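Student: Structure for the following, please:
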Amino acid sequence: MTTFAQILNIKEFSVKDIDLSVIRELEGMLPKHKIMDKNIANKILDVTLEGVNLCNEKIPVIDRWLGELDSKKNKAWSQAALVKAKQAGYKTAKDKEWFASEDDDFISVMNEINLAKAAKKWLENKASYFSMYHYRCRAFIKSDNSAENSSSHGVYGYNIDVQDDTTQVDWTK
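Tutor: Numbers count the residues shown, from 1 in each chain. Predicted coordinates for the structure are as follows:
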């Protein structure tokens, strides 16, 4: 049994350690030219779905990590404002706030938050790119099928009434 605790595990998690090699590999499988045929489009459908899925798997873990970092940020700021600022001799609330804002622990956590937000944005953009490519391929396949069906296979031919051969015309009259 797989649980959300296992899927969203952030114990010893670091945004820097997220493996993006498969996402990059899938991105490399997408054609860089605008030439498309039905076979290429069908192959790309699977690649793009896998890409969207891989990106979207990582986003909730980063969201959970951001929640954890927010708690660490608040703790670092409070520790700096209430303890370290007092030890440094700051007495006014405004001086303690300024001191806390430039505390190394607080800045370190803020940098981790910014990195996590950037990673999340990158993954969202990549998922959107795969999704857009998927939609493009589906639209191409649909239009390609429409073109095949509207060709002159007798199904959607010209709309002209032609007498069938079973009707005899009496030319003598």
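
Student: pLDDT weak spots in this protein?
Tutor: 144-173 (pLDDT under 70).

Student: could you measure Arg24 against Ile18, distance?
Tutor: Taking CB to CB, to the nearest Å as the measure, Arg24 falls 12 Å from Ile18. Every C-beta, even on glycine, is put in place using the N, C-alpha and C of the backbone.

Student: Comparing those two, which shows the higher neighbour count?
Tutor: Neighbours were counted for Arg24 and for Ile18 using other CB atoms under 10 Å; Ile18 has more, 15 against 11.

Student: Spatially nearest residue to that one (excluding sequence neighbours)?
Tutor: Leaving aside its chain neighbours, Ile18 sits nearest to Lys58 (6.1 Å; criterion: CB to CB, 6 or more residues apart in numbering).

Student: ditto for Ala127
Tutor: On the basis of CB to CB, 6+ apart, the spatially nearest residue to Ala127 that is not a chain neighbour turns out to be Cys55, at 3.7 Å.

Student: That neighbour sits in which helix or strand?
Tutor: Taking DSSP states H and E as the criterion, the element that holds Cys55 is helix 38-79.

Student: now Lys117
Tutor: When secondary structure is defined using DSSP H and E, the element that contains Lys117 is helix 104-149.

Student: Neighbours of Lys34, how many?
Tutor: The tally of other residues near Lys34 (other CB under 10 Å) stands at 5.

Student: Checking it next. Helix, strand or coil?
Tutor: With DSSP: H, G, I helix; E, B strand; the rest coil as the basis, the three-state label of Lys34 is coil.

Student: what's the residue nearest the centre of the chain in contact with, if anything?
Tutor: Among the residues of the chain, the one closest to the centroid is Ala127, at 1.7 Å (CA atoms, centre = their mean). Listed by CB atoms under 8 Å, 6 or more residues apart in numbering, the contact set of Ala127 reads 51-52, 55-56, 59.

Student: In CSV: these, plus distance to Ser78.
Tutor: Rendered in CSV, the data for the contacts of Ala127 read as follows (distance: CB to CB, whole Å):
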residue, distance to Ser78
Gly51, 41
Val52, 40
Cys55, 35
Asn56, 34
Ile59, 29
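
Student: Out of the residues you listed, grab the one that's most surrounded.
Tutor: Most neighbours among the contacts of Ala127, by other CB under 10 Å: Gly51, with 26 neighbours.

Student: Surely that residue touches Phe130?
Tutor: Yes - using CB atoms under 8 Å, Gly51 is in contact with Phe130, at 3.6 Å.

Student: if I look at those two, which residues touch both of them?
Tutor: Applying CB under 8 Å, 6+ apart, one finds that Gly51 and Phe130 are jointly contacted by 26-27.
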